[in-house]
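In: Next one to model:
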Amino acid sequence: MASRKRGKAEKTEKKLTFQSVALGCTVLAAVLAGAWVLFPQEMKEAVKLAGKAAGLQPPDEPKKPEASPFPILKPEQGGAVTAQTTQAEPPPVSVKLPSTQPELPALVPAGTGQPAPSSPPMSCSQAAEKLRGFIDGLEKKEYLKQFNLKQPLRKQLDSLKDKLAAKPPAVVRETDDLYTVISNTAHFFRVIGKDNIQLLKTLLEQEQGKIEEMVAALHAASIGPDCPADTIQVPFSTAYEYSVFFLNTIGGRSYLFRREAKVRLLINYYALLLIDEADSKNLNTHGTDISSLIQPLIREIEATNQLARKEEYLAKLRGLAERHPLR
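Out: Okay, the predicted model is just below:
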């Protein structure tokens, strides 16, 4: 009986001892976890030191001495000391190949007042000579025979110019009634007819390489004050009316959207220049504000690769933007 009680007591004592150990381990783990959260850097150092002390981690390797930039001295046989040097690799040789692309003139950002280099303004006599030579060359083109013109091309173009000047489009209060909007949309068809429109479209398609130079000459002749009497030109007042038409009416904008990008950009560009010229001479009778139209055209021309004189156009447009800031 006594031995049975003694056995039970030992079992109870062992059980209590095991529970005490388990509780102590739990408390210790909780304390270590809390210390690791609160003091992570210190705990890492403590673990590292404890491992080294117990021989579980090798001691830190001594740092290797940095290589000296000076020669290493070594004794030779006979006691002489010589300098042992290391051969440095020769520096890489760079070969600059000549560029195959022409250098473009650097553009100066807007606001500096210094535009990029551009060709000098064309005089009226120069413009007249260029236009005359261009028209004389067109007379000999084979593709014009299909139109069976009853008069020389020069007279045909003068006739079209006179018709367009006699019946300009409506550029004021266009949206007051639907008839005016429709009339403006079909303006060129109504005034010069389908055959002449086809003639002009064929000229633009066949003479793509000369169109920029010829439009520049026509612009110079239109704004020139003292052009020769026989100069091929559009009167300034007519050019101004059609510039407002293309930039500021539904009919004019819809017409440009039906044209190819190169023609559309050139018409927009020279229309802005003409209105700026009219504004400087107090001839902007319709009070057309071009300030909001300049930056969109700059972005379009920057994105295109169809214009040979692109940098010149951008320089002039940036000058316009300075003279006509957004209101």
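In: which stretches of the stretch 101-250 of the chain have low pLDDT?
Out: Scanning the stretch 101-250 of the chain for pLDDT under 70 picks out 101-120, 225-226, 228-230.
In: give me the element the closest residue to I294 other than its chain neighbours is part of.
Out: The shortest distance from I294 to any non-neighbouring residue, by C-beta to C-beta, 6 or more residues apart in numbering, is to A321 (4.8 Å). Every residue, glycine included, has its C-beta placed from N, CA and C. Secondary structure from DSSP states H and E places A321 in helix 310-323.
In: Touching stretch 237-249 from outside, list them.
Out: Applying C-beta atoms under 8 Å, 6 or more residues apart in numbering, the contact partners of stretch 237-249 are 161, 164-165, 168-171, 174, 184, 187, 222-223, 234, 251-253, 255-256, 267-268, 270-272, 274-275, 278, 283-286, 288, 290, 293.
In: how about the strands of the protein, start to end?
Out: Assigned by DSSP state E, the chain shows strands spanning 72-75, 81-84.
In: filter the contacts of stretch 237-249 to the buried ones?
Out: Neighbour counting with 16 or more other C-beta atoms under 10 Å marks 161, 164-165, 168-171, 174, 184, 187, 222-223, 234, 251-253, 255, 267-268, 270-272, 274-275, 278, 284, 288, 290, 293 as buried within the contacts of stretch 237-249.
In: Which of those fall within helices?
Out: 161, 164-165, 184, 187, 222-223, 251-253, 255, 267-268, 270-272, 274-275, 278, 293 (DSSP state H).
In: give me the number of residues near the residue nearest to I294?
Out: A321 has 18 neighbouring residues, counting by other C-beta atoms under 10 Å.
In: before we move on, what about G137?
Out: A count of nearby residues for G137, using other C-beta under 10 Å, gives 11.
In: Show the contacting residues for Q126.
Out: A217, A220.
In: again, but for S123
Out: Applying C-beta under 8 Å, 6+ apart, the residues near S123 are A220, G224.
In: Stretch 231-242: which residues count as buried?
Out: Neighbour counts over stretch 231-242 (16+ other C-beta under 10 Å) mark T231, I232, Q233, V234, F236, T238, A239, Y240, E241, Y242 as buried.
In: counting contacts, what elements does the helix holding A321 pack onto?
Out: When contacts are defined as 3 or more C-beta pairs under 8 Å, 6 or more residues apart in numbering; DSSP states H and E, helix 310-323 packs onto helix 261-280, helix 291-303.
In: mind listing what L283 touches?
Out: F236, S237, Y240.
In: quick revisit: and K201, which of the helices and strands packed on helix 310-323 is closest to it?
Out: helix 261-280 (9.4 Å; C-beta to C-beta).
In: Run the angle between the closest one and helix 291-303 for me.
Out: 150 degrees (axes from the mean of the first three to the mean of the last three C-alpha atoms, to 10 degrees).
In: Give me the angle between helix 261-280 and helix 310-323.
Out: 40 degrees.
In: For helix 261-280, name the packing helices and strands.
Out: Using 3+ C-beta pairs under 8 Å, 6+ apart, helix 261-280 sits against helix 211-223, helix 236-248, helix 250-257, helix 291-303, helix 310-323.
In: run the last query once more with 6 Å
Out: Judged by 3 or more C-beta pairs under 6 Å, 6 or more residues apart in numbering; DSSP states H and E, the packing partners of helix 261-280 are helix 211-223, helix 236-248.
In: how about those helices in JSON lines, adding distance to Y313?
Out: Shown next, in JSON lines, are those (distance: least, C-beta to C-beta, whole Å):
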{"stretch": "helix 211-223", "distance to Y313": "9"}
{"stretch": "helix 236-248", "distance to Y313": "16"}
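In: Identify the spatial nearest neighbour of I298, chain neighbours not counted.
Out: Closest to I298 by C-beta to C-beta, 6+ apart is L317, at 5.0 Å.
In: How much space separates that neighbour from E302?
Out: 10 Å (C-beta to C-beta, to the nearest Å).
In: Pick out whichever of those two has more residues nearby.
Out: Neighbour totals were compared for L317 and E302, and L317 leads with 21 against 12 (other C-beta under 10 Å).
In: Hmm, that one is touching E300, no?
Out: No - using C-beta atoms under 6 Å, L317 is not in contact with E300, being 10.2 Å away.
In: measure stretch 241-257 end to end?
Out: One end of stretch 241-257 sits 19 Å from the other (C-alpha to C-alpha, to the nearest Å).
In: Then stretch 253-266?
Out: 14 Å.
In: For it, what does the pLDDT average out to?
Out: What stretch 253-266 shows for mean pLDDT is 93.
In: phi, psi of Q306?
Out: phi -100, psi 0 (degrees, to the nearest 10).
In: and it, what is it in contact with?
Out: Contact analysis of Q306 by C-beta atoms under 6 Å, 6 or more residues apart in numbering lists K262.
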